[in-house]
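sequence first, then the predicted structure, then my questions.
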Amino acid sequence: MKDAQAFLRNNWKWGNLSERQETLSGSGSTMANTVNIRRELPLLLNKWNVGSIFDAPCGDGNWMSKTELNASYCGGDLVDSFVSTAKDKGLNVYNFDIRTNPFPPVDLWLCRACWYHLPFADITATVNNWLNSSIKYALVTSHTHNGETHDINPGEFRRLELREHDYFGMGAPIDGFIDVEHGKKYDYMVEEMLLFRNPNVK
């Protein structure tokens with residue numbers, strides 16, 4: 001776990017140079033690549049009567065600071081510079097490790113563009129942490145096809161189609177929407193957000 005923290009905090013360079021001029025959180029956090037989620041997330045929150053949301057990892061808050069949510073918001077991230085930048089943008093965020101820190105008492109946990117950078121052991125730890133929390137819903141990124149089942153080191157990447165892993169014990173999703181549709185450069189990769197309900201929370 002310490003190795004993963006050090007990697008994320010100190011070594012990872014998210015996105016190319018032009019993208020980093022907009023956001024340090026990588027290409028997935030640019031305004032161009034968050035059109036769908038900025039439109040669909042508020043609709044989903046209203047549909048499921050979500051009054052509070054915890055966004056972790058929240059990154060530097062680039063797109064979230066420009067999204068109107070009809071819900072209270074807080075966020076968390078391992079990277080100190082992300083937390084500082086997000087705070088400067090007016091967001092309520094703090095340092096947080098989704099694998100080990102107790103989740104706050106909110107209605108929904110948003111975990112976007114994260115798990116496909118984590119080893120399976122870390123994903124399992126985050127799932128168990130959520131299942132042991134009081135959070136009713138989790139909204140998590142998945143790929144829609146061409147998933148890869150090999151394990152990785154922290155910070156690396158592989159396409160993660162949650163259906164190929166039986167949703168890591170979370171049960172089947174109850175809702176979702178398309179997030180990012182990448183072009184030919186990325187072999188037309190499609191990312192979706194899947195909504196899960198915590199079976200341990202009534």
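Arrived safely.

helices along the protein, start to end?
2-6, 17-20, 35-47, 80-88, 120-131 (DSSP state H).

would you turn the ones you listed into TSV with mean pLDDT?
Below are the helices of the chain laid out as TSV (pLDDT from 0 to 100):
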stretch	mean pLDDT
helix 2-6	51
helix 17-20	52
helix 35-47	97
helix 80-88	94
helix 120-131	98
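
so which of those helices gets nearest E161?
helix 120-131 (13.0 Å; Cβ to Cβ). Every C-beta, even on glycine, is put in place using the N, C-alpha and C of the backbone.

so where's this structure uncertain?
Low-confidence segments of the chain, defined by pLDDT under 70: 1-20, 22, 25, 183-187.

switch the cut-off to 50
Low-confidence segments of the chain, defined by pLDDT under 50: 1-2, 7, 9-12, 14, 17.

center of it - which residue?
With distances taken as Cα atoms, centre = their mean, R112 lies nearest the centre of the chain, 1.9 Å away.

quick one: contacts for it?
For R112, the contact set (Cβ atoms under 8 Å, 6 or more residues apart in numbering) comprises 28, 37, 55, 139-141, 179, 193.

ok, F103 next?
For F103, the contact set (Cβ under 8 Å, 6+ apart) comprises 54, 109, 129-130, 133-135.

what's the closest of those to F168?
Scanning the contacts of F103 for proximity to F168, where the rule is Cβ to Cβ, the winner is W130, at 10.0 Å.

can you count the residues close to that closest one?
W130 has 23 neighbouring residues, counting by other Cβ atoms under 10 Å.

thanks again, I'm all set now.
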